[in-house]
Every structure is written in structure tokens, then in C-alpha cells.
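**Q** Need a 3D model of the sequence below.
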Amino acid sequence: MVKICTEKGYLRISSEVFTTLVGAAATSCFGVRGMAKRSASDGLVHLLKREAMGKGVHVYFHEGEDAISIELHIIVKTGVNIPVICGAISEEVRYKITKDTGVRVKSVDVYVDSIMPG
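**A** As a prediction, the model looks like this:
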């Protein structure tokens, strides 16, 4: 949970807000098939449904800095330029989080876990 001090008091933002925003921003980018989660039981990568896409996102809070770091796991469509798509996702996530919450994003790490036909 991030705690932000404003002139009217404190605002607390839960990690679920960040995971929802990150998942929506990442999946809106061209070439992204969806969010991914690796199964603990069989080690396979699974495409997450829209309502569970936050499971492919991990948010780390930096208490003293009022900032967050984000790690997200995605599945991309076949034939896309992976470095370009990862850069676009990183920029979109940074923009969306900063615009919607005012919280500074220290880093965005994008992991491509699988490639699927689009």
C-alpha cells in the first residue's frame, strides 16, 4: 500500500489498484495477447482471463521514496518485435500509473513468458 500526503490529508492506494491499472495498460498495447502466470504445479505458462490479469503483475513499494517498481509477465502475439513492444508497454504503464495515481514509477520490468498466434 502506498501512502501519499496531500494538503487535505493522507491518501492510501492498495496494490490491487496498481495491478488493475498495469494489466489494463499492458493489454491495451499492440501485439500483447494477454497477461501470463506460470503454474506452480506443472511449470507451464497460462494466459490469464481479463478478470484475473492482475495475477501477472507484481508491485513493489519503496517506502522512503514514495515510488513503486513493477514487474509484469505477458504473452505476445507471433511476429511482433519483442524489444519494441516491451518498450511501448513500459512507457504506457509509467504514463498510466503516474497520470491516474500521481505515484512515481521507479522501474518497469517486462517479462515475455510466451508467444501465441494472435
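**Q** can we go C-alpha only for contacts and neighbour counts from here?
**A** OK.
**Q** residues touching the nearest residue to Arg38 once chain neighbours are set aside, list them.
**A** Distances taken as CA to CA, 6 or more residues apart in numbering put Val45 closest to Arg38, at 4.3 Å, once the chain neighbours are dropped. Contacts for Val45 (CA atoms under 8 Å, 6 or more residues apart in numbering) come out as 36-39, 113-114.
**Q** How about Val108?
**A** Listed by CA under 8 Å, 6+ apart, the contact partners of Val108 are 69-72, 90, 93-94.
**Q** so where's this structure uncertain?
**A** Scanning the chain for pLDDT under 70 picks out the ranges 40, 51, 53, 118.
**Q** at 90 instead, please
**A** Residue ranges of the chain with pLDDT under 90: 1-15, 34-56, 62-67, 102, 117-118.
**Q** Quick check: neighbours of the lengthiest strand in it in the sheet, parallel or antiparallel?
**A** Criterion DSSP state E: the longest strand present in the chain is strand 104-116. Under the criterion DSSP bridges, strand 104-116 sits next to strand 67-77 (parallel) in its sheet.
**Q** any idea which of the contacts of Val108 has the most stuff around it?
**A** In terms of neighbours by other CA atoms under 10 Å, the contacts of Val108 top out with Leu72 at 26 neighbours.
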